[in-house]
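**Student:** could you look at this predicted model? Sequence included:
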Amino acid sequence: MDKKFMYGIGAVKFGEKTLGYIEKGSWDWGGSKPEKVDVEAEQVVGAPVLTLVTKNGTIAPTFNLIQLDYENLQLALGGTLVGTTGAYTGWKAPTDLVELRGKCEIVLKSGQTVTIPSATLMANLGGKLTLTEVSKIECQLTVNAPGDGSAPYEVSDTKAAGGAGDHGK
């Protein structure tokens, strides 16, 4: 694979679990551009004499989860599973405020993995109930600064075990 390009969602993992299918075309890196302040001088026309960088660019991925089995509902929205492990019969929405935080990995088909050591997952049930479209969980990841001062996210070669084809739970 040519690792000069990044493309294709192979798997999205949150915490220790792999999310199900992501809707085609729904992944957006989001975020914001770097912020700066230009310092200008009266004696210099046409360009700043100094540019002060005040904030790095960020990512804030959004995507739609379309595989709505009970485990994915609980993973993305919180709440409670009904039934026994491996044979769940339902899901109940949370009754308290939900804060889902953990490590997130986005395994790409191009051979890289984007790792976010500390992320917050916010989601809601969305889409439509029709015979031509599926309901979805509309997800947004917020990249948080890791407590140990390390990078907020990184891109690296995907390790062979649990690679791009791993969609299991």
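**Tutor:** Yes, it's here. Predicted model, so just to flag it, every value in this text is computed and none were measured. Numbering: from 1, shown residues only.
**Student:** next one: the spatially closest residue to residue 17 that is not a sequence neighbour from residue 67, what distance?
**Tutor:** Spatial nearest neighbour of residue 17, excluding adjacent residues (CB to CB, 6 or more residues apart in numbering): residue 75 at 5.5 Å. For every residue, glycine as well, the C-beta is placed using N, CA and C. Noted for residue 75: a distance of 11 Å to residue 67, by CB to CB, to the nearest Å.
**Student:** what's the answer for residue 95, then?
**Tutor:** Separation of residue 95 from residue 67 (CB to CB): 25 Å.
**Student:** give me the more crowded residue out of these two.
**Tutor:** residue 67 (16 against 9; other CB atoms under 10 Å).
**Student:** so the more buried one is in contact with residue 23, correct?
**Tutor:** No - using CB atoms under 8 Å, residue 67 is not in contact with residue 23, being 9.5 Å away.
**Student:** tell me the helix or strand right after the longest strand belonging to the chain.
**Tutor:** Counting residues, the longest strand in the chain under DSSP state E turns out to be strand 112-127. Later in the chain than strand 112-127, the nearest helix or strand by DSSP states H and E is strand 135-143.
**Student:** please, where are all the helices along this protein?
**Tutor:** With DSSP state H as the criterion, the chain has helices at 70-77.
**Student:** what stretches of it score poorly on pLDDT?
**Tutor:** Where the chain drops to pLDDT under 70, the residues are 1, 161-169.
**Student:** make it 50
**Tutor:** For the chain, the stretches with pLDDT under 50 are 162-169.
**Student:** which residues does the closest residue to residue 26 other than its chain neighbours contact?
**Tutor:** On the basis of CB to CB, 6+ apart, the spatially nearest residue to residue 26 that is not a chain neighbour turns out to be residue 64, at 4.0 Å. Contacts of residue 64 were listed using CB atoms under 8 Å, 6 or more residues apart in numbering, and they are 22, 23, 26, 126, 127, 136, 137, 138, 139.
**Student:** closest to residue 111 out of the residues you listed?
**Tutor:** Of all the contacts of residue 64, residue 111 sits closest to residue 22, with 18.1 Å by CB to CB.
**Student:** and for the residue nearest to residue 17, the neighbour number?
**Tutor:** By the measure other CB under 10 Å, the count of residues near residue 75 is 23.
**Student:** same question, residue 140
**Tutor:** By other CB under 10 Å, the residues close to residue 140 number 15.
**Student:** pretty sure it sits against residue 76.
**Tutor:** No - with contact defined as CB under 8 Å, residue 140 does not reach residue 76; the gap is 10.5 Å.
**Student:** next, show the common contact partners of those two.
**Tutor:** Both residue 140 and residue 76 are in contact with 121, 123, where contact means CB under 8 Å, 6+ apart.
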